[in-house]
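*Asks:* One predicted model, sequence on top.
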Amino acid sequence: MGSDSQIQVPVIKLISMGSDLDRGSEGWHNLCMRVREACENYGCFEVICDKIPIELRTETFSAARQLFDLPVDAKQKGANPMKPYRGYIGPNSSNPLNEAFAIEDGSNYDSLKSFTEVIRPVGNDQFCQAFSSTVKLLDELEHILELMILDAYGLGEKNKSIVECKITLLRLMKYKAPPSGESMEGFVAHTDKGLFTILCEDQISGLEVETKDGQWIKLSPSPSSFVCFVGDSLMAWSNCRMHAVKHRVTMGGDKDRYSFGAFALPVDGTIVKAPKEFIDEEHPQVLREFDFADYLNFFMNSNFEVKWAKLPELTIFAFAGIL
Ligand SMILES: O=C(O)CCC(=O)C(=O)O
Ligand SMILES: [Fe+2]
């Protein structure tokens, strides 16, 4: 189905100086309910937030561009065949326009430094400064959203977080412009596997999300917005009250597209489990509890049709479904 520009995903303003961000205030409560509704009905929303200064955002994209501009041989040194979806991932036949760097613990200067030094022995300070600052701020934003979700379900008093242990995976993406006049898949339709994703794009659109009734909508986030996605693990935690949204990137036009995302992932060995408050007669348990590392392995080893092509939304149900 094509994209329908009539429908829009919810846009939520989180301004750090405002009293709406005082936990417990009426404004806070209203925001919590808006975040919850967006996560349940769309599995995504745009957040307008003044947390990350526009200059820092510009600096991160300029640092990312310089990394992608390095010769292929250098970038290949960052490949990580031992760990799926980590390190440098170059374009391939099923993803010819896209290349990515995925770095664990993306808010930590030293982990950015040890990754970048492998592909570029010197000159990484600007990159590491810009990304560690940005990802720290995105982690703070993720923490606020997590508290909002807990409070929206009345679970905030008993729980400090959704899972015991999580880590932020920083992914930088570049999509080459397609051949002139063509529109091409930049990133195949999928759901994110972790808890929550916060994405930032550099004003070249291409991101599309699927509504619950199967229509694709193009997103055009404002230059200071972020796009947030519910991932499979958050959906599982919520006993499927929240919706893990299917999304993709479609490239058109003549400009390359750059984006980066902070992916909040349960640390390997962390159990994803719906709290008992989500389970009752009206809401029987949909997914069994699971170790996130086992889910990633299952996903890696599923056959191509299930994984990407036909039924990507089935993976979490195929892996952990009870009913
Ligand atoms: O580049 C984008 O905007 C989306 C990338 C994405 O969906 C992903 O890396 O999981
Ligand atoms: Fe994604």
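*Replies:* Happy to help now that I have it. Ligands and ions are numbered 1, 2, ... in the order given.
*Asks:* Which residue is the nearest non-sequential neighbour of Gly87?
*Replies:* Asn80 (3.1 Å; CB to CB, 6 or more residues apart in numbering). For every residue, glycine as well, the C-beta is placed using N, CA and C.
*Asks:* all strands of the chain, in order?
*Replies:* 11-14, 44-49, 87-89, 98-104, 166-175, 184-190, 196-201, 207-210, 216-218, 225-230, 247-251, 257-266, 271-272, 290-291 (DSSP state E).
*Asks:* Kindly present the ones you listed as a markdown table, with separate columns for distance to ligand 1 and mean neighbour count.
*Replies:* Listed next are these as a markdown table, based on distance: least, CB to the nearest ligand atom, whole Å; neighbours: other CB atoms under 10 Å:
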| stretch | distance to ligand 1 | mean neighbour count |
| --- | --- | --- |
| strand 11-14 | 17 | 16 |
| strand 44-49 | 11 | 21 |
| strand 87-89 | 10 | 22 |
| strand 98-104 | 7 | 21 |
| strand 166-175 | 4 | 22 |
| strand 184-190 | 5 | 18 |
| strand 196-201 | 5 | 23 |
| strand 207-210 | 4 | 21 |
| strand 216-218 | 12 | 18 |
| strand 225-230 | 7 | 24 |
| strand 247-251 | 5 | 21 |
| strand 257-266 | 4 | 24 |
| strand 271-272 | 18 | 20 |
| strand 290-291 | 20 | 16 |
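*Asks:* can you redo those strands as a markdown table with mean pLDDT and distance to Gly156?
*Replies:* A markdown table is the format used below for the strands of the chain (pLDDT from 0 to 100; distance: least, CB to CB, whole Å):
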| stretch | mean pLDDT | distance to Gly156 |
| --- | --- | --- |
| strand 11-14 | 94 | 17 |
| strand 44-49 | 96 | 19 |
| strand 87-89 | 96 | 37 |
| strand 98-104 | 97 | 28 |
| strand 166-175 | 97 | 17 |
| strand 184-190 | 92 | 30 |
| strand 196-201 | 97 | 16 |
| strand 207-210 | 97 | 27 |
| strand 216-218 | 95 | 31 |
| strand 225-230 | 97 | 18 |
| strand 247-251 | 96 | 28 |
| strand 257-266 | 98 | 17 |
| strand 271-272 | 96 | 19 |
| strand 290-291 | 97 | 24 |
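*Asks:* want to throw those strands into JSON lines with distance to Phe319?
*Replies:* Compiled in JSON lines, the strands of the chain are given as follows (distance: least, CB to CB, whole Å):
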{"stretch": "strand 11-14", "distance to Phe319": "31"}
{"stretch": "strand 44-49", "distance to Phe319": "22"}
{"stretch": "strand 87-89", "distance to Phe319": "23"}
{"stretch": "strand 98-104", "distance to Phe319": "22"}
{"stretch": "strand 166-175", "distance to Phe319": "19"}
{"stretch": "strand 184-190", "distance to Phe319": "15"}
{"stretch": "strand 196-201", "distance to Phe319": "19"}
{"stretch": "strand 207-210", "distance to Phe319": "20"}
{"stretch": "strand 216-218", "distance to Phe319": "25"}
{"stretch": "strand 225-230", "distance to Phe319": "17"}
{"stretch": "strand 247-251", "distance to Phe319": "20"}
{"stretch": "strand 257-266", "distance to Phe319": "14"}
{"stretch": "strand 271-272", "distance to Phe319": "11"}
{"stretch": "strand 290-291", "distance to Phe319": "7"}
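*Asks:* By mean pLDDT, which helix or strand of this structure comes out lowest?
*Replies:* Least confident helix or strand of the chain, by mean pLDDT, DSSP states H and E, is helix 304 with a mean of 55.
*Asks:* I figured the residue nearest to Gly87 was touching Arg86, is that so?
*Replies:* Yes - look at Asn80 against Arg86 with CB atoms under 8 Å: they come within range, at 4.4 Å.
*Asks:* Which strand residues bridge the residue nearest to the spatial centre of the chain?
*Replies:* Nearest residue to the geometric centre of the chain (CA atoms, centre = their mean): Thr197, 2.4 Å. Under DSSP bridges, the beta-bridge partners of Thr197 are Phe229, Phe263.
*Asks:* low-scoring stretches of the stretch 1-150 of the chain, by residue?
*Replies:* 1-5, 17 (pLDDT under 70).
*Asks:* For the residue nearest to Glu185 when sequence neighbours are not counted, which residues are in contact?
*Replies:* Leaving out its chain neighbours, the residue that sits closest to Glu185 by CB to CB, 6+ apart is Thr250, at 6.3 Å. Counting by CB atoms under 8 Å, 6 or more residues apart in numbering, Thr250 makes contact with 3, 183-186, 206, 208, 218.
*Asks:* Could you dump those into a markdown table and include distance to Asp232?
*Replies:* Formatted as a markdown table, the contacts of Thr250 follow (distance: CB to CB, whole Å):
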| residue | distance to Asp232 |
| --- | --- |
| Ser3 | 23 |
| Ser183 | 28 |
| Met184 | 26 |
| Glu185 | 21 |
| Gly186 | 21 |
| Gly206 | 23 |
| Glu208 | 19 |
| Lys218 | 23 |
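*Asks:* So which residues on the stretch 201-323 of the chain come close to ligand 1?
*Replies:* 201, 207, 247, 249, 259, 261 (CB under 6 Å from any ligand atom).
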